[in-house]
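Asker: Got a sequence here, can you build the structure:
(chains A, B, C and D)
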Number of protein chains: 2
Amino acid sequence: MTNHTTHATISVTVDVVLFCMYNTTLHILLIERKYPPYAGAWAIPGGFVDADESLAHAARRELFEETNVSDVYIEQFYTFGDPGRDPRRQSVSVAHIGLCRTPPQLATSDETPQVQWHPLTQLPPVLAFDHHQIIAMAWSRLQAQLESTTIAFELLPTQFTIADVHHVYQQILGESLDFATFQRALTATGTLIPAPDQTQHHFCLKPDLGAGQFIFRWRDARHAIA
Amino acid sequence: MTNHTTHATISVTVDVVLFCMYNTTLHILLIERKYPPYAGAWAIPGGFVDADESLAHAARRELFEETNVSDVYIEQFYTFGDPGRDPRRQSVSVAHIGLCRTPPQLATSDETPQVQWHPLTQLPPVLAFDHHQIIAMAWSRLQAQLESTTIAFELLPTQFTIADVHHVYQQILGESLDFATFQRALTATGTLIPAPDQTQHHFCLKPDLGAGQFIFRWRDARHAIA
DNA sequence: GCAAAAGTGTTGCGAGTACACCCATGT
DNA sequence: ACATGGGTGTACTCGCAACACTTTTGC
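Answerer: Okay, here's the model as predicted:
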């Protein structure tokens, strides 16, 4: 912060690993690159940060421009800046996790001929840049946050059954969980309230939940993650 | 990643919140800024990323140039990029946690008239830029990692007693922990081995520990964090 | 329509476990 | 001062099974 000499010109980009429940399994959104480098390869959406724009805003904007997806939950999780990760120039990518509730309407643009959901367990063997690493880290971060945040509910409608939540947790963790125990642990968080205008069995999250108010205590889930 | 138009020129900087046990309590390293903006205010060390340099390398280099501290553990934790966080220009700061084992020899430079340890619980009321927020987030991340990583051992010599570890954990969490329970939980991780060339009561970490191999299971510690 | 089936939420129980607390011992 | 173990009582976890209720399905 005190260096007054000239410094390197580095591009600042944002990338988004967008998760969604699609056909009852966890998918992420990939686009096909039109131009080199990695022309024809699949990549996660992303692009340059504009002037006077926050990182989260840039992530949402690029996602919308390239895939027509809007209204998603966005959360930054890591920044990738190894020299050589972009063969053209030195570039730093602030990577984000994106979660959306129901598969939104996709649309291609001039720049992105293909936009498609891919099952998390069957990704294309080669991806552009270091995107394989970014996706792996996004998934692992998503798993780690299940215990302490309500992040999984961003993959569900605002009203949901406990069975829905159970299914999402199983998908993210990649293992099956005893339902009764899951249900107890979930209600024990004290963050669920019955959905107002719905038939039975539907709940929604308490509004204005602060950070750290959601504690999902489940010992064996922690075992499995580690 | 596909945008070929010109884009904003954004500075990429790194900042380091360097933790250290100093006089048996947890301190962080601050420098006094010499030039505007925030001339005279305290700040965490940091600066611009050079050409063909990784982010971690930049963090280590800036830390050394500004404070003469080297050989520290560095780990990235968040990137701050709100417009306006630097009044001069749009700038993105990739923030890092730094941990060092014993208070190293400090040295000022032309650019940094003052380099000093500050107790984490008594920071100067005003800090440069958004550094207060950065420090708060670094501390909270450090706490969260105690359960699942060996990060706390980076604050200790390579050989240590269990009481040393106990003390560090208490400092980071800001609360006292029952020693007997702590000792049992720590040895239960199976990651400690007796120190080779030392008198009794000294241990060191198992070498080549992989990620996820350290699980510190302690219910009430989790209670307190949340 | 009606009965069977499937889905959903809830409760009880028992075996095993984790934990806090205190103290004793050896080094 | 440090590491270690014992002992105890409490509280909790988890998986399994059973049950009540609703919605859907099939005939």
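
Asker: Quick one: residues contacting the closest residue to A:Gln183 other than its chain neighbours.
Answerer: Of all residues not flanking A:Gln183 in the chain, A:Ile162 sits nearest, at 5.3 Å (CB to CB, 6 or more residues apart in numbering or on different chains). Quick note: C-beta positions are derived from backbone N, CA and C, even for glycine. Taking CB atoms under 8 Å, 6 or more residues apart in numbering or on different chains, we find A:Ile162 in contact with A:Phe182, A:Gln183, A:Leu186, A:Thr187, A:Leu192, A:His201, A:Phe203.

Asker: which stretches of chain A form strands?
Answerer: With strands called from DSSP state E, chain A shows them at A:11-22, A:25-32, A:42-43, A:46-48, A:73-80, A:91-100, A:115-119, A:192-194, A:203-205.

Asker: which strands and helices sit next to the fourth one?
Answerer: The contact analysis (3 or more CB pairs under 8 Å, 6 or more residues apart in numbering or on different chains; DSSP states H and E) places strand A:46-48 against strand A:11-22, helix A:55-67.

Asker: Just give me the neighbour total for the one residue in chain A that gets nearest to DNA strand C.
Answerer: Closest to DNA strand C within chain A is A:Thr161: 3.0 Å, counting by CB to the nearest atom of the strand. Residues near A:Thr161, counting by other CB atoms under 10 Å in any protein chain shown, number 15.

Asker: Kindly report the same for the one 10 residues further on.
Answerer: Look at A:Gln171: counted by other CB under 10 Å, it has 19 neighbours.

Asker: Run through the bridge partners of the nearest residue to it once chain neighbours are set aside.
Answerer: Closest residue to A:Gln171 apart from its sequence neighbours, by CB to CB, 6+ apart: A:Leu26 at 4.4 Å. Judged by DSSP bridges, the bridge partners of A:Leu26 are A:Met21.

Asker: Run through the residues that contact A:Leu26.
Answerer: By CB under 8 Å, 6+ apart, the contact set of A:Leu26 is A:Phe19, A:Cys20, A:Pro119, A:Leu120, A:Gln171, A:Ile172.

Asker: With A:Thr25 instead?
Answerer: Here A:Thr25 is in contact with A:Pro119, A:Leu120, A:Thr121, A:Gln171 (CB under 8 Å, 6+ apart).

Asker: and which of those is nearest to A:Ile215?
Answerer: When those are ranked by distance to A:Ile215 (CB to CB), A:Gln171 comes first, at 21.2 Å.

Asker: Quick check, pLDDT for that closest one.
Answerer: If you check A:Gln171, the pLDDT there is 95.

Asker: A:His96 versus that one, what's the distance?
Answerer: Separation of A:Gln171 from A:His96 (CB to CB, to the nearest Å): 20 Å.

Asker: What of A:Lys34?
Answerer: In terms of CB to CB, A:Lys34 sits 22 Å off from A:His96.

Asker: Those two - which one has more neighbours?
Answerer: The residue with more neighbours, out of A:Lys34 and A:His96, is A:His96; 29 against 15, by other CB under 10 Å.

Asker: Quick one: name the residues of chain A near DNA strand C.
Answerer: Contact residues (CB under 7 Å from any atom of the strand) of chain A with DNA strand C: A:161-164, A:179-180, A:183-184, A:187, A:200-203, A:219.

Asker: So which of the contacts of A:Thr25 sit within helices?
Answerer: A:Gln171 (DSSP state H).

Asker: Out of the strands of chain A, which is closest to B:Thr102?
Answerer: For the strands of chain A, proximity to B:Thr102 was assessed by CB to CB; strand A:73-80 is nearest, at 29.6 Å.

Asker: how near is the nearest residue to A:Thr112 once chain neighbours are set aside to A:Gln114?
Answerer: Excluding the flanking residues, the one nearest A:Thr112 by CB to CB, 6+ apart is A:Ile31, at 4.5 Å. Separation of A:Ile31 from A:Gln114 (CB to CB): 6 Å.

Asker: still on that earlier bit, which residues does the residue of chain A closest to DNA strand C contact?
Answerer: By CB under 8 Å, 6+ apart, A:Thr161 lies in contact with A:His201, A:His202, A:Phe203.
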